[in-house]
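Colleague: From the sequence below, what's the structure:
(chains A, B, C, D, E and F)
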6 protein chains.
Amino acid sequence: MSTIAPPQNPETNPRVKAVFDDIRATRKSDFINNLWYYLAFDAELLETTWRDVKEVMAKQSHLDSLTKELIYAAVSITNSCEYCIHSHTAAARSKGMTDKQYAEFLSIVSLAAKTNHLLNGLKVPIDKEFNHESN
Amino acid sequence: MSTIAPPQNPETNPRVKAVFDDIRATRKSDFINNLWYYLAFDAELLETTWRDVKEVMAKQSHLDSLTKELIYAAVSITNSCEYCIHSHTAAARSKGMTDKQYAEFLSIVSLAAKTNHLLNGLKVPIDKEFNHESN
Amino acid sequence: MSTIAPPQNPETNPRVKAVFDDIRATRKSDFINNLWYYLAFDAELLETTWRDVKEVMAKQSHLDSLTKELIYAAVSITNSCEYCIHSHTAAARSKGMTDKQYAEFLSIVSLAAKTNHLLNGLKVPIDKEFNHESN
Amino acid sequence: MSTIAPPQNPETNPRVKAVFDDIRATRKSDFINNLWYYLAFDAELLETTWRDVKEVMAKQSHLDSLTKELIYAAVSITNSCEYCIHSHTAAARSKGMTDKQYAEFLSIVSLAAKTNHLLNGLKVPIDKEFNHESN
Amino acid sequence: MSTIAPPQNPETNPRVKAVFDDIRATRKSDFINNLWYYLAFDAELLETTWRDVKEVMAKQSHLDSLTKELIYAAVSITNSCEYCIHSHTAAARSKGMTDKQYAEFLSIVSLAAKTNHLLNGLKVPIDKEFNHESN
Amino acid sequence: MSTIAPPQNPETNPRVKAVFDDIRATRKSDFINNLWYYLAFDAELLETTWRDVKEVMAKQSHLDSLTKELIYAAVSITNSCEYCIHSHTAAARSKGMTDKQYAEFLSIVSLAAKTNHLLNGLKVPIDKEFNHESN
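Modeller: Predicted structure coming up:
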């Protein structure tokens, strides 16, 4: 159950159609996932969300595309966003993630959570050596 | 201010010394960061924590070492663990992270947080296409 | 699936009936939502929870009632509480929230999440100008 | 301690200067807070972050400006972002928030957190009446 | 730096004095910790917060007092509330927590965080055997 | 819907069978819950996860077994992990938790969340008296 109803025939709105066309062209696929259908209830929110995602995920970049999906998925797990976990795990697989890599990814995410809670409990002082300005 | 006092001369305890020696050998460095000094208040907690970190982060693996640090840092930011953010950002730099990569990493983490909150608010149904069993 | 079974005929317990009667009178409606039915498994927890909600949400106040629901919904999204997201989004609509306002609300919540994660990563020092005592 | 060093004389970079000039013009103030100085380490990240904030917070909108700051602050508290809590509490005061309103805001945020955790523990089924499509 | 200034001589307000007197009487100690001093900026928020804490933590109960502090501290670590972590770790010590118990507490909290993230990533279906209604 | 498919006949893998056998022996029960079936997609992740859980939860310890489950459940609620909430609430019941204790547990968890958010908003300075080194 969503908090909004997806608009019927959203592409009758030319602003929505322009975004959907760009999604299809960028991804070289006719598949428009539910996020975009539901966001079409507000053309402006749809436009800025797609612009932001395209800007970060689809551009030429300094990190490889699987690494980017894994970072995205790690944040989504920690924020407990079920939709995002599914969409970015699927995206990581489509970019070549193997089961071995997925298991290792999960072991890093869960180890980080473990030491995060351990250190948030202990409140250990931060080493001055971590200050990159000191180097 | 920490919730525990670090033990004085922790290496007089042979279990602590064994862990510290392994940290120095594994990292090829004499630097022992505060996490391990403070954990030395309980030898068992120190041993299992180091074992877990070494197992995941120092082993031969299916992901490159910078990617692993970025995943670790992404979770740490999302869990708001100040110590972990500093230690794993520093570790990423020591593994070659450039300022351009760091800026891109931050743009992915913050974009993920944005769409996590957007989707947690909207509760959009998960596309059946994300089910890898369906493919 | 809930972690408790809702009590059958909870209003046979006079303490539960007193709370349910007050909910109906305060809200001028016969609808008792599931939160209260399930909390009836423990009369004391039901009483204190309703007292707290009534105290904060139903009283004369210094903020308008739509603003209060939006603040409540914003926290609920961030804490990933599915029930609360649905109940307070519905409450905001019942207090007049339009689709345009909902889209703007979502854009603020998700922008906040974005800069929260950006700043939790960067750990920028807090400007002394933010100290209201300095003004 | 930040994870980056703020650039010296950032406005010698014309892209940074353009953003800083727009911040000063939009806010009608010479004060540039630390967030923007530190973000200047990467002109692109600075540009997109400012664009997003300006787009959402400075535009003509369907919610009043104090309500917008309170929503922003509520998310920031829940995400435990210290810088954001300070900057948006200060912004709310500058938009007229009284101590009485601040106390009420805090009572709503903390009540929401209370029922969020209560309901995340109980996992009560969502009432069909909350589905706005059913109305 | 706090977001409010603590009131000077707060006990000149009789509502504040009544709460402070009750804190001293309940705890059999003259020490009033900063939480209450700062909350005194709004007598109503002070009164309801103290009432809630006293109601839950100081009453006759079905759990022993150390267990209650440990549950409180576990939530506070997970929500990354520095003040609460310090106050409830100190309270646990004052109720007899040993270093061995503290180490074990931390190992449970951090293990929970680990499996929480692992399962939030995997989204394993919930066993019907966990439904206590089925038993 | 899970992000992985559980392996068919996982016990044909001797590493998986060894873990499952140890789970059955340790718990004196034939029931293997879904977490372990799904983790069997990667024998190493299964082995280390079971080792960690057994180490912390099944050993001789300094806290009673119900207290340990309540701490685990408190973290799981705060991290919004639905599977973990169900499994550890069920485990607490199997270790004797009564409805009265469950209600009190929920009142502590939700009170903690309330003061966590209140104090994360107020950023009250930490009392020096909380420093156990000062005592």
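Colleague: May I have the phi/psi pair for whatever residue of chain A ends up closest to chain C?
Modeller: Proximity of chain A to chain C (Cβ to the nearest Cβ) peaks at A:Asp42, 3.6 Å away. C-beta here means a position set from N, CA and C on the backbone, and glycine is covered the same way. Torsion angles at A:Asp42 (phi, psi; degrees, to the nearest 10) stand at phi -140, psi 110.
Colleague: Tell me if the strand or helix carrying A:Val53 is near chain B.
Modeller: Taking DSSP states H and E as the criterion, A:Val53 maps to helix A:43-57. Yes - residues of helix A:43-57 contacting chain B under Cβ under 8 Å from any Cβ of the partner chain: A:Thr49, A:Asp52, A:Val53, A:Val56, A:Met57.
Colleague: count of neighbours near A:Asn9?
Modeller: Neighbours of A:Asn9 under the rule other Cβ atoms under 10 Å in any protein chain shown: 8.
Colleague: counting contacts, what elements does the helix or strand hosting A:Ala18 pack onto?
Modeller: Applying DSSP H and E as the criterion places A:Ala18 in helix A:14-27. With contacts taken as 3 or more Cβ pairs under 8 Å, 6 or more residues apart in numbering or on different chains; DSSP states H and E, helix A:14-27 sits against helix A:34-39, helix A:43-57.
Colleague: how close does the spatially most central residue of chain A get to chain F?
Modeller: Centroid-nearest residue in chain A, with Cα atoms, centre = their mean: A:Tyr72, separated by 4.2 Å. For A:Tyr72, the distance to chain F (Cβ to the nearest Cβ, to the nearest Å) stands at 14 Å.
Colleague: Next up, the contacts around that residue.
Modeller: Neighbouring residues of A:Tyr72 by Cβ atoms under 8 Å, 6 or more residues apart in numbering or on different chains: A:Met57, A:Cys84, A:His88, A:Ala91, B:Ile108, B:Leu111, B:Ala112.
Colleague: now do A:Asn33
Modeller: Neighbour list for A:Asn33: A:Ser87, B:Asp127, B:Glu129, B:Phe130 [criterion: Cβ under 8 Å, 6+ apart].
Colleague: surely A:Thr115 meets E:Leu111?
Modeller: No - using Cβ atoms under 8 Å, A:Thr115 is not in contact with E:Leu111, being 11.5 Å away.
Colleague: Is there proximity between the longest helix along chain A and chain F?
Modeller: The longest helix of chain A (DSSP state H) is helix A:99-122. Yes - contact of helix A:99-122 with chain F (Cβ under 8 Å from any Cβ) involves A:Asp99, A:Lys100, A:Tyr102, A:Ala103, A:Leu106, A:Ser107, A:Ala113, A:His117.
Colleague: Export these to a markdown table and append columns for neighbour count, distance to E:Leu35 and pLDDT.
Modeller: Output for the residues of helix A:99-122 next to chain F, formatted as a markdown table (neighbours: other Cβ atoms under 10 Å in any protein chain shown; distance: Cβ to Cβ, whole Å; pLDDT from 0 to 100):
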| residue | neighbour count | distance to E:Leu35 | pLDDT |
| --- | --- | --- | --- |
| A:Asp99 | 13 | 49 | 96 |
| A:Lys100 | 14 | 49 | 96 |
| A:Tyr102 | 24 | 44 | 98 |
| A:Ala103 | 18 | 44 | 97 |
| A:Leu106 | 24 | 38 | 98 |
| A:Ser107 | 24 | 39 | 98 |
| A:Ala113 | 33 | 28 | 98 |
| A:His117 | 30 | 23 | 98 |
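Colleague: if we look at chain C, which of those residues are close to it?
Modeller: Within those, nothing lies near chain C by Cβ under 8 Å from any Cβ.
Colleague: Nearest residue to A:Cys81 in space, ignoring adjacent ones along the chain?
Modeller: Distances taken as Cβ to Cβ, 6 or more residues apart in numbering or on different chains place B:Asn116 nearest to A:Cys81, at 3.9 Å, with adjacent residues excluded.
Colleague: Contacts only, for that neighbour.
Modeller: A:Val75, A:Ser76, A:Asn79, A:Cys81, A:Cys84, C:Ala113.
Colleague: Can you tell me which of the residues you listed has the most neighbours?
Modeller: For the contacts of B:Asn116, neighbours tallied by other Cβ under 10 Å; top is C:Ala113, 33 neighbours.
Colleague: contacting residues for A:Leu35?
Modeller: A:Tyr83, A:Ser87, B:Thr115, B:Leu119, B:Val124.
Colleague: For the third one, which non-adjacent residue is spatially closest?
Modeller: Once flanking residues are discounted, B:Thr115 sits nearest to A:Cys84: 6.1 Å by Cβ to Cβ, 6+ apart.
Colleague: Mind listing what's buried along the helix or strand containing that neighbour?
Modeller: Assigned by DSSP H and E, A:Cys84 belongs to helix A:82-94. Going by neighbour count (16 or more other Cβ atoms under 10 Å in any protein chain shown), the buried part of helix A:82-94 is A:Glu82, A:Tyr83, A:Cys84, A:Ile85, A:His86, A:Ser87, A:His88, A:Thr89, A:Ala90, A:Ala91, A:Ala92, A:Arg93.
Colleague: can you list the residues that contact it?
Modeller: Against helix A:82-94 from outside (Cβ under 8 Å, 6+ apart): A:33-35, A:66, A:69-70, A:72-73, A:76-77, A:102, A:105, B:112, B:115-116, B:119, B:123-124, B:126-127, B:129-132, E:120-121, E:123, F:1, F:3.
Colleague: Over to stretch A:39-58?
Modeller: Against stretch A:39-58 from outside (Cβ under 8 Å, 6+ apart): A:4-7, A:10, A:13, A:15-16, A:19, A:22-23, A:26, A:36, A:68, A:72, B:104, B:107-108, B:111, B:114-115, B:118, B:122, C:99-100, C:102-103, C:106-107, D:48, D:52, D:55.
Colleague: what's around A:Phe20, how many residues?
Modeller: A:Phe20 has 20 nearby residues by other Cβ under 10 Å.
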